[in-house]
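In: Kindly generate the corresponding structure for this input.
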Amino acid sequence: MSVITVKRRVSKRTPKEKSIRRGSLGELTRHYFARESRWQFAVEALLFAIILATSAWPILAAADALSKFPEGPAS
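Out: Numbers count the residues shown, from 1 in each chain. Here you go, the predicted model:
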């Protein structure tokens, strides 16, 4: 049986250095959207809309069927 030993070095930082390194949520979102292509966002939004429509269709069809249920059998 072999044993794997993992060594890691932990550097000590002051709380001020940690906050500078992490940045704010606003900086993170600005950095993300600056790199995000508008074309890529449009493609992702279109795919999301297709998935949303595909999943909503059976729910709407079931609601329609339930609304017609008390009317009685179709003639």
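In: For the rest of this, base every contact and every neighbour count on C-alpha atoms.
Out: Fine.
In: how much space is there between the residue nearest in space to the middle of the chain and V6?
Out: Nearest residue to the geometric centre of the chain (C-alpha atoms, centre = their mean): F48, 10.4 Å. According to C-alpha to C-alpha, to the nearest Å, F48 and V6 sit 42 Å apart.
In: Repeat that for G26.
Out: 36 Å.
In: Now do the SS call for K68.
Out: Under DSSP: H, G, I helix; E, B strand; the rest coil, K68 falls in the helix class.
In: all helices for the protein, in order.
Out: 15-22, 25-35, 38-68 (DSSP state H).
In: Quick one: closest of those helices to S2.
Out: S2 lies closest, by C-alpha to C-alpha, to one member of the helices of the chain: helix 15-22, at 37.6 Å.
In: quick one, phi/psi of S24?
Out: phi -100, psi 170 (degrees, to the nearest 10).
In: no, scratch that, I was asking about S2
Out: phi -110, psi 150.
In: One more: the one 5 residues further on?
Out: Dihedral angles phi and psi of K7 (degrees, to the nearest 10) take the values phi -110, psi 130.
In: How much space separates it from M1?
Out: Separation of K7 from M1 (C-alpha to C-alpha): 20 Å.
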